[in-house]
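Asker: Here is my input; please provide its structure:
(chains A and B)
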Protein chains: 2
Amino acid sequence: MPPAASTGERTGTFGILLFPGVEELDAIGPWEMATLWAHQPGGPSQCLMIGRSEAPITCAKGLVLLPHASFATAPPLDVLLVPGGQGTRTEVNNAELIAFLQHQSTTCRAVLSVCTGAFLLHAAGLLSGRRATTHWASLERLRALGDVVVVEERFTRDGAVWTAAGIASGLDLMLHFIAETAGDDVAAKVQLESEYFPASKIYGNAASSGQGSAYFRT
Amino acid sequence: MPPAASTGERTGTFGILLFPGVEELDAIGPWEMATLWAHQPGGPSQCLMIGRSEAPITCAKGLVLLPHASFATAPPLDVLLVPGGQGTRTEVNNAELIAFLQHQSTTCRAVLSVCTGAFLLHAAGLLSGRRATTHWASLERLRALGDVVVVEERFTRDGAVWTAAGIASGLDLMLHFIAETAGDDVAAKVQLESEYFPASKIYGNAASSGQGSAYFRT
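Answerer: Numbering: from 1, shown residues only, chains lettered A, B, ... in the order given. Got it, this is the predicted structure:
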């Protein structure tokens, strides 16, 4: 896998993998950022949701999406993002999906995961010996795989492989990826257009209960 | 329209309006928060995406969604959330959609908008004399309507009508709405499960260019 694009380089097709039980925001947070980026000079030439087939896919919380392309019809991707969700528990054993990841990863310039999408990257052999993260509730399960350097950060980069923590962290990963790929000014425009200036309020005491990832545990 | 639920009260059906050209994250950010809330005691009994019909809907950035219910088949909603997007420019003149909003608003306990969804609430007569906000690039257009008290905050509440600023602000609105409706501890659980602990990094200088809403303009 070649290294990630340097600043100012043209980005080709940005693909997001879909599968039954994919977590909605894992996929559509990055979709929003990628498609806003596509409106900027040098942004992705197209953004596609890719399923095993083009049949409707029911997500983890019941949303129903129609993919734009199938494993068979998807073009070579420049960037591939793999969301997580309950569906990953079975998809790690889906040979067709893992083969698609492996095939695409040989030519795309960057592979990104969100949440438990990290387990799909691992099943495709893309996380061995690399720094990575996942949803806080799955950190121990990722460590138990034995060959991943698990870190408790909101997102990580190890060469051409980028991973985000749980669900909403895909938004932060994407802005960082855009900044590293296209420069801070382009990331700033995407941030402004998406109005991603979060309130950052911490509610109640769930985050201080001892659960969670080191980066947000209070 | 009755006031919003008090703490601990059971929430019924949470509905999100879909239409051609709806902005993806406007709808699916709140969907994620609402469906995580539905897994908590006292959360929504069901969450539905509602379109004019049950035919596929193409969003502003090309995502294709299948609604769960149509204007005709949707049950009486407890909470109705209206996303924005380019599609709102024409949907403000869609008598069938506006009638659906008006009809539902007579019985639901709260109506929420995200981004330019505020213009659909206005077309339904729900914003006259109320405090409201919208995407920063549409603040002047909302002021020009003449009968809305436009404020430059990330989200607003005026009785049973809640509005959020641009695209990603729907996430903050929803956590606040959950906290006000079900209590801080429930909002904390949704925040923890969604891992919504944003990095809050400001990229480049777009936010300090003089554009934007007062709450984030630096």
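Asker: what ranges do the helices span in chain A?
Answerer: A:24-38, A:88-91, A:95-105, A:117-123, A:139-143, A:169-182, A:184-194 (DSSP state H).
Asker: among these, which is the most enclosed?
Answerer: Burial of those is given as mean neighbour count (mean count of other CB atoms under 10 Å in any protein chain shown); helix A:24-38 ranks first at a mean of 28. The way it works is simple: take the backbone N, C-alpha and C, and place the C-beta from them, glycine included.
Asker: mean confidence score for that one?
Answerer: In this model, helix A:24-38 has an average pLDDT of 98.
Asker: Quick check, central residue of chain A?
Answerer: A:Ser113 (3.2 Å; CA atoms, centre = their mean).
Asker: got the contact list for that residue?
Answerer: Residues near A:Ser113 by CB atoms under 8 Å, 6 or more residues apart in numbering or on different chains: A:81-84, A:120-121, A:132, A:134, A:162-164.
Asker: Among these, which one lies nearest to chain B?
Answerer: Checking those against chain B with CB to the nearest CB, the nearest one is A:Ala164 at 8.9 Å.
Asker: Report how many residues lie close to A:Gly149.
Answerer: Small correction: residue A:149 is Val, not Gly. 14 (other CB atoms under 10 Å in any protein chain shown).
Asker: Any idea what A:Val150 is bridged to?
Answerer: With DSSP bridges applied, A:Val150 shows beta-bridge pairing to A:Ala132.
Asker: With B:Thr35 as the reference, measure out to it.
Answerer: Going from A:Val150 to B:Thr35 by CB to CB, to the nearest Å gives 28 Å.
Asker: try A:Ala95
Answerer: Taking CB to CB, one finds A:Ala95 at 30 Å from B:Thr35.
Asker: Over to A:Gly125?
Answerer: Taking CB to CB, one finds A:Gly125 at 33 Å from B:Thr35.
Asker: now swap in A:His103 and tell me
Answerer: 33 Å.
Asker: Next: A:Phe14.
Answerer: Taken as CB to CB, the span from A:Phe14 to B:Thr35 is 25 Å.
Asker: related to what we said a few turns ago, any idea what the residue nearest to the centre of chain A is bridged to?
Answerer: A:Val82, A:Thr163.
Asker: again with A:Ile57
Answerer: A:Leu65.
Asker: so A:Ala124 makes contact with A:Gln102?
Answerer: Yes: using CB atoms under 8 Å, A:Ala124 is in contact with A:Gln102, at 4.9 Å.
Asker: Find me whatever residue is spatially closest to A:Ala188, sequence neighbours aside.
Answerer: For A:Ala188, ignoring the flanking residues on the chain, the nearest one in space by CB to CB, 6 or more residues apart in numbering or on different chains is B:Gly204 at 2.8 Å.
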